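Enquirer: Just need the structure, nothing else, for what follows:
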Amino acid sequence: MRHPSHMSPLHLARRGLSRRVDLLPMTPLEQVRAGRFAHRFTQLIAGLVLYGVSMAMLLRSGLGLDPWDVFHQGVQTHWGVSFGTVVIVTSFVVLLFWIPLRQWPGLGTLLNSVLIGIATDVTLRFLSAPENLAGRWSLLIGGIVANGLAGALYIGSQFGPGPRDGLMTGLARRTGRSIRLVRTTIEVTVLVLGWLLGGTVGVGTVLYAVGIGPIVQFFLPILTVRVHPPTRVVVPASVPEASAG
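Expert: The predicted model follows:
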């Protein structure tokens, strides 16, 4: 999913009204103090759990995964642990790359690193792979839509980006390269590595790449929680004193 700080304001007409997405760049402390904590925290948890559920749906469809999950699945085939465990460990490894980028994880970042993997494993225990093609396609389409909705939920809570999104925006900021170039480079790299390791690449991979952006864009204006903008102290520039004459 995309980090809120690099998204341009989106406008979506709803019942004759224009809904603007007010995603504020905030420090971790500002995120906690921005107001409406209970509402935002509940939405964050719901989004992260739904994200894990949607990942399990894509896995059970067997028709292809998004680039990062192709990588996670490829690692899992050689490690012998659960898929969710690979997601969690990868999240914390990615967070190590935040250190030279001088980024601080927010509450949402840390919960993202843990809850999505847990939710994926729990869902996989109860969700079986369909035997017919229609069932697999239903899981694929439903999983992509649910993934977009989940991304809008947790991004809209304004508690910080996920580890992978923060890596993308941090590298773009430090290198001066565009978000599009950095994102494409990262996702192509993990996709190729995952495929070489045995991850599933298929029609679902293409549909996810094409559909996830518009789906998030549709839901984000509806689900972004308005918060109080951070109050920062602006230190005025010093003015030299006039010499006595």
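Enquirer: what's the helix or strand for the residue nearest to Ala56 when sequence neighbours are not counted?
Expert: Excluding its sequence neighbours, the residue lying closest to Ala56 (C-beta to C-beta, 6 or more residues apart in numbering) is Thr123, at 3.6 Å. Quick note: C-beta positions are derived from backbone N, CA and C, even for glycine. Following DSSP states H and E, one finds Thr123 within helix 107-126.
Enquirer: And Gly213, by the same measure?
Expert: Assessed by DSSP H and E, Gly213 sits inside helix 203-223.
Enquirer: How about Leu59?
Expert: Applying DSSP H and E, one finds Leu59 within helix 37-61.
Enquirer: so how far is the next helix or strand after that helix off the chain centroid?
Expert: Next along the chain after helix 37-61, taking DSSP H and E as the criterion, comes helix 67-79. When distances are taken as C-alpha atoms, centre = their mean, to the nearest Å, helix 67-79 is centred 18 Å away from the chain's centroid.
Enquirer: quick one: the helix or strand that helix 67-79 is followed by to helix 67-79, angle?
Expert: Per DSSP H and E, helix 67-79 leads on to helix 83-96 as the next helix or strand towards the C-terminus. Relative orientation of helix 83-96 with respect to helix 67-79: 110 degrees, computed using axes from the mean of the first three to the mean of the last three C-alpha atoms, to 10 degrees.
Enquirer: Let me know the average pLDDT across helix 83-96.
Expert: Computed over helix 83-96, the mean pLDDT rounds to 95.
Enquirer: And stretch 145-158, by the same measure?
Expert: Computed over stretch 145-158, the average pLDDT equals 93.
Enquirer: relative orientation of the helix holding Gly213 and helix 37-61 in degrees?
Expert: 160 degrees.
Enquirer: Any buried residues in helix 203-223, and which?
Expert: Residues of helix 203-223 classed as buried by neighbour count (16 or more other C-beta atoms under 10 Å): Gly204, Thr205, Leu207, Tyr208, Ile212, Ile215, Val216, Gln217, Phe219, Leu220, Pro221, Leu223.
Enquirer: Now do the same contact list for the residue lying closest to the fourth one once chain neighbours are set aside.
Expert: If I follow you right, that is Tyr208. Leaving aside its sequence neighbours, Tyr208 sits nearest to Asp66 (C-beta to C-beta, 6+ apart; 4.6 Å). For Asp66, the contacting residues are Leu58, Asn147, Thr205, Tyr208, Ala209, Ile212, by C-beta atoms under 8 Å, 6 or more residues apart in numbering.
Enquirer: which one of these is nearest Leu140?
Expert: Proximity of the contacts of Asp66 to Leu140 was ranked by C-beta to C-beta; the top entry is Leu58 with 6.5 Å.
Enquirer: Next one, pLDDT for the closest one please.
Expert: With respect to pLDDT, Leu58 has a value of 97.
Enquirer: so who does the residue nearest to it when sequence neighbours are not counted touch?
Expert: Spatial nearest neighbour of Leu58, chain neighbours left out: Gly143 (4.1 Å); criterion: C-beta to C-beta, 6+ apart. Gly143 is in contact with Ser54, Met55, Ala56, Met57, Leu58, Ser61, counting by C-beta under 8 Å, 6+ apart.
Enquirer: Give me the distance from the helix holding Gly213 to the chain's centre.
Expert: 12 Å.
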